[in-house]
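the amino acid sequence is not available; the structure is as follows:
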């Protein structure tokens, strides 16, 4: 994670209305950037990547937050107001154009798949339903080119 991406995520965060919305927007945007970064053929040093993300999260949100807690937040119902927010989607595309909007359902589904592997429970609920609706709108395509 480079400083340009960090700066853009902080700018996006400042567009949220109030502390709670700004924090939620930051979590989702950061999580999407993190997940999109995993879509590479290169070998990933997860210890280094996670350390960099955790350091940035700690300096931004404070103690008790980590990339694991961000991804966990993104696998639950609390993420719905963010992914359904036109304001967030517009701001995210402006500040994080390297993550195409059409890849967001795929990235969230990827995150749910990891949560399923950890918990052993099939993903159900509003987020899983939202992903299915979005996949139906795009014909079930995977990630967009360029990720």
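Done, it's in. All figures in this text were calculated on a predicted structure; none of them were measured in a lab. Residues are numbered from 1 along each chain as shown.

rest of the way, CA atoms for contacts and neighbours
Fine.

pLDDT score for residue 128?
Residue 128 is assigned 88 on the pLDDT scale.

who touches it in this structure?
Counting by C-alpha atoms under 8 Å, 6 or more residues apart in numbering, residue 128 touches residue 109.

again, only this time at 10 Å
75-77, 105, 108-109, 112, 122, 134 (C-alpha atoms under 10 Å, 6 or more residues apart in numbering).

wait, isn't residue 92 in contact with residue 25?
Yes - if you go by C-alpha atoms under 10 Å, residue 92 and residue 25 touch, sitting 8.7 Å apart.

what residue ranges in this structure are flagged as low confidence?
118-121, 138-147 (pLDDT under 70).

tell me where it has helices.
Using DSSP state H, the helices of the chain run over 3-14, 18-37, 46-61, 67-73, 80-83, 86-95, 104-119, 126-138.

now do the first one against helix 46-61: the angle between them, please.
Using axes from the mean of the first three to the mean of the last three C-alpha atoms, to 10 degrees, the inter-axis angle of helix 3-14 relative to helix 46-61 is 40 degrees.

how far off helix 86-95 does helix 3-14 point, in degrees?
160 degrees.

if we can go back for a sec, pick the most buried one from the helices of the chain.
Sort the helices of the chain by mean neighbour count, taking mean count of other C-alpha atoms under 10 Å, and helix 18-37 sits at the top with a mean of 20.

that one to helix 86-95, inter-axis angle?
Going by the same axes, to 10 degrees, helix 18-37 makes 50 degrees with helix 86-95.

elements contacting helix 18-37?
helix 3-14, helix 46-61, helix 67-73, helix 80-83, helix 86-95, helix 104-119 (3 or more C-alpha pairs under 10 Å, 6 or more residues apart in numbering; DSSP states H and E).
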